[in-house]
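>>> Need coordinates for the following:
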Amino acid sequence: MSKIIAVTSGKGGTGKSSVCAGLGYTLAKQGHRTLLIELDFGLRCLDIMFGVENEIKYDLGDVLAGRKTALEAVQTVPMANNLSLLCAPKTLTSVNAKQIVEICRSVKKYFEYIIIDTGAGINSHVFDIVEQANLILVISTPDPVCIRDASLMSDEFYNRGNKSQRLIINKISKKVIGEALVSNLDEIIDKVGVQLIGVIPDDFTMTVATGKGNPIPTDSSALKAFDAISKRLGGEFVPLTVKTA
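Okay, the predicted model is just below:
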């Protein structure tokens, strides 16, 4: 039985897609068959991050239109065995939660993890889709606007009965912790109101790698953080260590 994980945020710019890429990459490297489903219609980017931009023949739009099955539209990622993508269409396409549930149901026996990269923003479309997940990962940066939006989104999830939530704090550096934006990580956790599962440092090497569609360097601090979070998702005890640049 596959585990469906929804990755979401209250606003754009939190690095939600980068988090999906990092988690998908490390889960696959750990030997887990993993599928990333991208729902940022008209704004897809995971194909570029994994260097398969010119290899995508079909996407989620083809599945929703009935031209291809979900499994036929899936693209494997050469840089990471066990990792596959179902990319968002390049154009805006309507979708509802029932369709995403059916897509997940049709492929779940082939994958251990299905990670849904939701569109950013607080709207019923996102809430309806995220409700189907086994786990919700709420992404925030230290930016006060992101923190507030993450809190509002999490509150709505709780109001709808979605208790299984975890917080990932992204783009952490010494410049924003204790000096510029927030005094410490506890301040972010308290304001969002969700249990922390991981902290991702602001890592230029990962930004360059995903921008060029190259494998993430093994010495990347962000990669090490994603590797730890992926192990926690599987129930493994990994101490939370935070190293900021």
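
>>> Please count neighbours and contacts with C-alpha atoms only from this point.
Noted.

>>> So, low pLDDT: which residues of this protein?
Within the chain, the stretches with pLDDT under 70 are 1, 42, 92, 120-125, 176-183, 241-245.

>>> can you give me the strands in it?
With strands called from DSSP state E, the chain shows them at 3-8, 34-38, 75-76, 83-86, 113-117, 135-140, 165-172, 196-201.

>>> The ones you listed: which one's closest to Lys68?
Closest to Lys68 of the strands of the chain is strand 83-86 (Cα to Cα; 11.7 Å).

>>> The closest one - contacts with which helices or strands?
helix 16-29, strand 34-38, strand 75-76 (3 or more Cα pairs under 8 Å, 6 or more residues apart in numbering; DSSP states H and E).

>>> got the CA positions of it in CSV?
In CSV, the C-alpha atoms belonging to strand 83-86 read as follows (Å, rounded to 0.1, in the frame of the first residue of the first chain):
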residue,chain,number,x,y,z
LEU,A,83,11.8,7.8,-9.2
SER,A,84,9.1,8.7,-11.7
LEU,A,85,7.2,11.9,-12.6
LEU,A,86,3.7,12.7,-13.7
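
>>> So in that sheet, which strands flank that strand, and in what orientation?
Within its sheet, strand 83-86 is paired with strand 34-38 (parallel), strand 75-76 (antiparallel), according to DSSP bridges.

>>> contact partners of the shortest one?
Strand 75-76 has contacts (Cα atoms under 8 Å, 6 or more residues apart in numbering) with Glu55, Ile56, Asn82, Leu83, Ser84, Leu85, Leu86.

>>> ok, of the residues you listed, which come out buried?
Asn82, Leu83, Ser84, Leu85, Leu86 (16 or more other Cα atoms under 10 Å).

>>> Save those residues as CSV, and put in distance to Pro201 too.
Shown next, in CSV, are these (distance: Cα to Cα, whole Å):
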residue, distance to Pro201
Asn82, 26
Leu83, 23
Ser84, 25
Leu85, 25
Leu86, 27
